[in-house]
Structures are given as C-alpha cells and as structure tokens.
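Undergrad: Predicted model follows, preceded by the sequence.
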Amino acid sequence: MDKAQVKAVIAARAAKELKDGDIVNLGIGIPTLIPAYLPEGVKIKLQAECGMIDAGGPPTAENADPDHVCDAGGQPSSIMTGGAFIDSSMSFTMIRGGHVSGTFLGALQVDEKGNLANWIIPGKTVPGMGGAMDLVVGANKVIVTMEHTAKGNLKILKECTLPLTAVSCVDMIITEMGVMNVTDKGIELVEIHPEFTVEQVQEATGATLIISPDLKPMDI
C-alpha cells in the first residue's frame, strides 16, 4: 500500500465505529478523512474544540472564509447548515462533561497501558498541546488512528518514551495492519488486514500482542 491507500484504509475502518447521531471530535491528519467513509444512513455532528458544532469539511474556493472559520489545526473550514459557533468555555464544558461520544486522533506513541504521547517530540518547537489532553479524558471513547510505524520506528510500545498527553486513556488503535483493543491485560489484536500476517503485525509492534481467539479480517 502507498501512503494514500494506508490513510484510506485507516479512515474507512474508523468510520465503522460511528453510529447515527454521534457527536464526535476529529483530530488533524487521518481523522479528518473519516467523514468521507461514513456508512450509508449515518450522520454525525462534528465538534471542534475551537468552537464549532456541526463543523463541515474543507471549504470550496467560493465559500472559504479563512479569516473567520478555521478548524482546530488552523486550516480553513466550513460549518454545516444548522451548525453553531460557541465560545471556548462552552466547547470545553461539552468535552469535560462527557458529552462527546468519541474522539479520533493521531499519535506519536501508544503503549500497552493505553498511555498516549501525541503532542511533542523533545527539542521540537510546537505551538502547544491544544485540546488533546481534555479530549482523551473527557470523550466517552478514545480511538487512535495512525500508521503502524513511522519511518521504521515502532509506535505501539510496551511503554511510551515520549512525554505523555494522558495516561490510560486509549480504548482502541486502528492502523493499516489491524484493529487493536486496549485491555487491562494488554493490547489485543481483534482484526487484521488480509495483506499481513499475525507475525508481521507483531514484528511491527513493540508490545506483546494478545491475539484474539476470534481474530477476523479487518472490516474495510
């Protein structure tokens, strides 16, 4: 698979986790592709921590308003008919109050305890942590959508080595190689992409995987 195919596989599988009426926060990167793969009949409301309910996708050249409507990553965005703009306090009241059904976000590292590192690499300059630390604690379900490895470096580990965003917060990991649930006993591989073997997935993973007795092909 090339990079575009990898992202499409991850986004398509992640979309299967959504049901009609969910209020969802999507992080930057792969999560922003998820709405394009929603099952027929499923409509969700996108919550942007910067202050939008029912956020839309990237705007067209005709309706772009880059000075006033942007997503959490600072990129031009749009809002659906009937959507609303809210202030930061209301946005984070929704997040911290458990009113967001789920959050989908990328990661630099995830470990077998469900710890998440996704905001900084020491020595690199970043604008800030953003709303990730609130989202992964306040959302009802936290799903990491990411490539399984990065330039040959393992991203799913026994223990994170980068600064943590939050501890014991990740419920599920979706990569191009498979779907994994984070359990009290470790990371359980529950779905596998047909192009890979269990041995290949384990080799690309820094934690010892629990192989589900009901392991099935990835639902894409």
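TA: Now that the structure is in, tell me what you want to look at. Numbering: from 1, shown residues only.
Undergrad: Give me the contacts around the helix or strand containing Met90.
TA: Met90 belongs to helix 88-96 when assigned by DSSP states H and E. If you take CB atoms under 8 Å, 6 or more residues apart in numbering as the criterion, helix 88-96 is touched by 23, 25, 47-51, 100, 131, 134-135, 137-139. In short, each C-beta sits where N, CA and C put it, glycine included.
Undergrad: Spatially, which two of those are the most separated?
TA: Pairwise distances across the contacts of helix 88-96 (CB to CB) peak at 19.5 Å, for the pair Gly51 and Val137.
Undergrad: longest helix of the protein?
TA: Using DSSP state H to define each element, the chain has its longest helix at helix 3-15.
Undergrad: what comes up buried for that helix?
TA: By 16 or more other CB atoms under 10 Å, the buried positions in helix 3-15 come out as Val6, Lys7, Ala8, Val9, Ile10, Ala11, Ala12, Arg13, Ala14, Ala15.
Undergrad: Out of these, which comes closest to Ala204?
TA: Val6 (12.7 Å).
Undergrad: mind listing what the closest one touches?
TA: Glu147, Glu176.
Undergrad: Report the separation between it and Ile120.
TA: 24 Å (CB to CB, to the nearest Å).
Undergrad: Could you do Ile86 as well?
TA: 28 Å.
Undergrad: Listing partners with orientation, what would you give for the next helix or strand after the helix holding Met90?
TA: Toward the C-terminal end, the helix or strand that comes next after helix 88-96 (DSSP H and E) is strand 102-105. Taking DSSP bridges as the criterion, strand 102-105 sits next to strand 23-26 (parallel), strand 142-145 (parallel) in its sheet.
Undergrad: Please work out which residues outside strand 102-105 touch it.
TA: 14, 17-18, 22, 24-27, 31, 34, 118, 132, 135-136, 139-145.
Undergrad: Same question for stretch 14-27.
TA: 30-32, 34-35, 37-39, 41-49, 53, 72, 94-95, 99-106, 131-132, 135, 139, 141, 143, 145, 172, 174, 219.
Undergrad: Repeat the analysis, applying 6 Å as the threshold.
TA: Stretch 14-27 is touched from outside by 32, 34, 37-38, 42-47, 100-106, 135, 145, 174, 219, with contacts defined as CB atoms under 6 Å, 6 or more residues apart in numbering.
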